[in-house]
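What shape does this take:
(chains A and B)
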Amino acid sequence: MAHVLVVTSGKGGVGKTTSTAALGAALAHLGDKVVVIDFDVGLRNLDLVMGAERRVVFDLINVIHGVAKLPQALIRDKRLENLFLLPASQTRDKDALTEDGVAKIIAELRTKFDWVICDSPAGIERGATLAMRHTDSAIVVTNPEVSSVRDSDRIVGLLDSKTIKAERGERITKHVLITRYDSSRAARGEMLSIHDILEILSTPLLGIIPESQEVLRASNLGSPVTLSNAGSAPARAYFDAARRLKGEKIPITIPIENKGIFYKLFGRKAA
Amino acid sequence: MSLFSLFRRGTAPVARERLQVLLAHERIARGKADLLNVLREEILAVIARHVLFEPDKVRIKMDRGKSLSTLEVDIEIPSGLSGNVSAQ
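Reported below is the predicted structural model:
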């Protein structure tokens, strides 16, 4: 039974695309058949983060317009044979997305995959509302920072009113994924704590991804961080989050990178 | 408490407090916007069963006061288009 999942946030630059790539690759590594869809028409980047930018021939808009069939537009990952990418168009704008077109594509992907992960564009306009429209559950990516938390609250409101499930009176499963978390700064009271964020958003937590150089390194290399360095702190956090998505009960921890005793002391205190 | 925080209190508590106040207001505002949309759709659906009108010529306004709130519905019905009342 396929599960449609949207990765969204409202605010830009908080890590939606990084998280989509990392979780998609982690779920595929754990054995599931996964497709990640880039909904950021005009500003696509999931292809770049996944290292597939030179293999894009057809895109989401081509499929919606009937120029290409869905299997022609799907790009199989070179590292994991059960991971696929459906890229966005780079030359069109968001108006090229149609409600019917998106509905048909999601319905077809549901029959072929275990996970359909929709990478939402920033904002609350057409691209973002269509990315969440057909979803079964949502991951709201949030940074420990006031503007990100405010935008997440807005997105939670939209998920509860603008999705098909919500319109039918059903509940959307929502989780917060906190990214770029620095436990030592939170411990010093310089950064909103996990507790603060969850209390304000009153939404359960999927995972905490620590701030790490590994994330930039992975995107430089064009590889999801869960594949480029599976032992790194952010990769372990993403793998734990992926297992929670699959229903496993794993206590939430903040993985710490091995950086010497000073960092560890602070880190432990925070966790 | 780390030694550090004895010297300088962090700014996170300020951030939390500002967010709590702001979001409390924004959530109420969102609820109002939704109520108006729901009222608009349901009122128009009822009227459309009996009278023909142009959806563009409809204004719905809500004013909330301390002791009294008003809901104002203004629908322009073109002459000659209001004929199907008896047909229903």
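
residues near the residue in chain A that chain B sits nearest to, how many?
At 2.1 Å from chain B, A:Gly189 is the closest residue in chain A, using C-beta to the nearest C-beta. Using the backbone N, CA and C atoms, a C-beta is placed for each residue, glycine as well. A:Gly189 has 20 neighbouring residues, counting by other C-beta atoms under 10 Å in any protein chain shown.

Torsion angles phi and psi at the closest residue to chain A within chain B?
Closest to chain A within chain B is B:Gly10: 2.1 Å, counting by C-beta to the nearest C-beta. Dihedral pair for B:Gly10: phi -70, psi 170, per degrees, to the nearest 10.

That one contacts A:Leu192, correct?
No. The criterion here is C-beta atoms under 8 Å, and B:Gly10 misses it with A:Leu192 at 9.8 Å.

higher neighbour count, these two?
Taking other C-beta under 10 Å, B:Gly10 and A:Leu192 do not tie; A:Leu192 has more neighbours (27 against 18).

quick one: contacts for the residue of chain A closest to chain B?
Listed by C-beta atoms under 8 Å, 6 or more residues apart in numbering or on different chains, the contact set of A:Gly189 reads B:5, B:9-13.

nearest to A:Leu159, of the residues you listed?
Closest approach between the contacts of A:Gly189 and A:Leu159, by C-beta to C-beta: B:Ala12, at 26.4 Å.

show me what contacts that closest one?
Contacts of B:Ala12 by C-beta under 8 Å, 6+ apart are A:186, A:189-193, A:196.

again, only using 10 Å
A:144, A:146, A:185-186, A:188-193, A:196 (C-beta atoms under 10 Å, 6 or more residues apart in numbering or on different chains).

Which positions in the stretch 151-271 of chain A make contact with chain B?
Neighbours of chain B within the stretch 151-271 of chain A, by C-beta under 10 Å from any C-beta of the partner chain: A:152-154, A:156-158, A:161, A:184-193, A:195-197, A:199-201, A:265-266, A:269-270.

so of the contacts of B:Ala12, which ones are in helices?
When DSSP state H is applied, those are split such that A:146, A:185-186, A:196 fall in helices.

Out of those, grab the one that's most surrounded.
A:Ala186 (23 neighbours).

give the contact list for the nearest residue to that residue once chain neighbours are set aside.
In this structure, A:Ala186 finds its nearest non-sequential neighbour in A:Ser193, 4.9 Å apart by C-beta to C-beta, 6 or more residues apart in numbering or on different chains. For A:Ser193, the contact set (C-beta under 10 Å, 6+ apart) comprises A:144, A:178, A:181, A:183, A:185-187, A:199, A:270, B:10, B:12-13, B:16.

that older thread, and the residues of the stretch 151-271 of chain A next to chain B, which are buried?
Taking 16 or more other C-beta atoms under 10 Å in any protein chain shown as the criterion, what is buried in those is A:152-154, A:156-158, A:184-193, A:196-197, A:200-201, A:266, A:270.

in terms of contact, does A:Ser147 touch A:Gly10 like I think?
Yes. If you go by C-beta atoms under 10 Å, A:Ser147 and A:Gly10 touch, sitting 9.3 Å apart.

Between these two, which has more neighbouring residues?
Ranked by neighbour count (other C-beta under 10 Å), A:Ser147 and A:Gly10 place A:Gly10 first, with 26 against 12.

and that one, helix, strand or coil?
Classification of A:Gly10 using DSSP: H, G, I helix; E, B strand; the rest coil returns coil.

Relative to A:Ile106, how far out is it?
Distance, A:Gly10 to A:Ile106, by C-beta to C-beta, to the nearest Å: 21 Å.

List every C-alpha atom in the top strand by length along chain A, with coordinates, as CSV.
With secondary structure taken from DSSP state E, chain A has its longest strand at strand A:173-181. Below are the C-alpha coordinates for strand A:173-181, written out as CSV (Å, rounded to 0.1, in the frame of the first residue of the first chain):
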residue,chain,number,x,y,z
THR,A,173,-0.7,12.9,10.0
LYS,A,174,1.8,15.7,10.6
HIS,A,175,5.3,15.5,12.0
VAL,A,176,7.9,18.2,12.6
LEU,A,177,11.5,17.5,11.5
ILE,A,178,13.9,19.9,13.1
THR,A,179,16.9,20.6,11.0
ARG,A,180,20.2,22.5,11.6
TYR,A,181,19.9,22.0,15.3
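
What residues of that strand count as buried?
Quick answer for strand A:173-181 (16+ other C-beta under 10 Å): A:173-181.

what does stretch B:71-78 give?
B:Ile75.

what's that stretch in contact with?
B:35-36, B:39-40, B:43-44, B:47-48, B:51-64.

Return the members of these classed as buried.
Judged by 16+ other C-beta under 10 Å, buried ones among those: B:44, B:53, B:60.

those helices in chain B, which residues are they?
B:3-7, B:12-48.

Ok, chain A next?
With helices called from DSSP H, chain A shows them at A:16-29, A:46-49, A:60-64, A:70-73, A:99-110, A:126-133, A:146-159, A:164-167, A:183-187, A:194-201, A:213-221, A:225-228, A:233-245, A:261-270.

can you redo these as a markdown table with mean pLDDT?
Listed next are the helices of chain A as a markdown table, based on pLDDT from 0 to 100:
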| stretch | mean pLDDT |
| --- | --- |
| helix A:16-29 | 98 |
| helix A:46-49 | 97 |
| helix A:60-64 | 95 |
| helix A:70-73 | 97 |
| helix A:99-110 | 96 |
| helix A:126-133 | 96 |
| helix A:146-159 | 96 |
| helix A:164-167 | 92 |
| helix A:183-187 | 90 |
| helix A:194-201 | 94 |
| helix A:213-221 | 96 |
| helix A:225-228 | 97 |
| helix A:233-245 | 97 |
| helix A:261-270 | 46 |
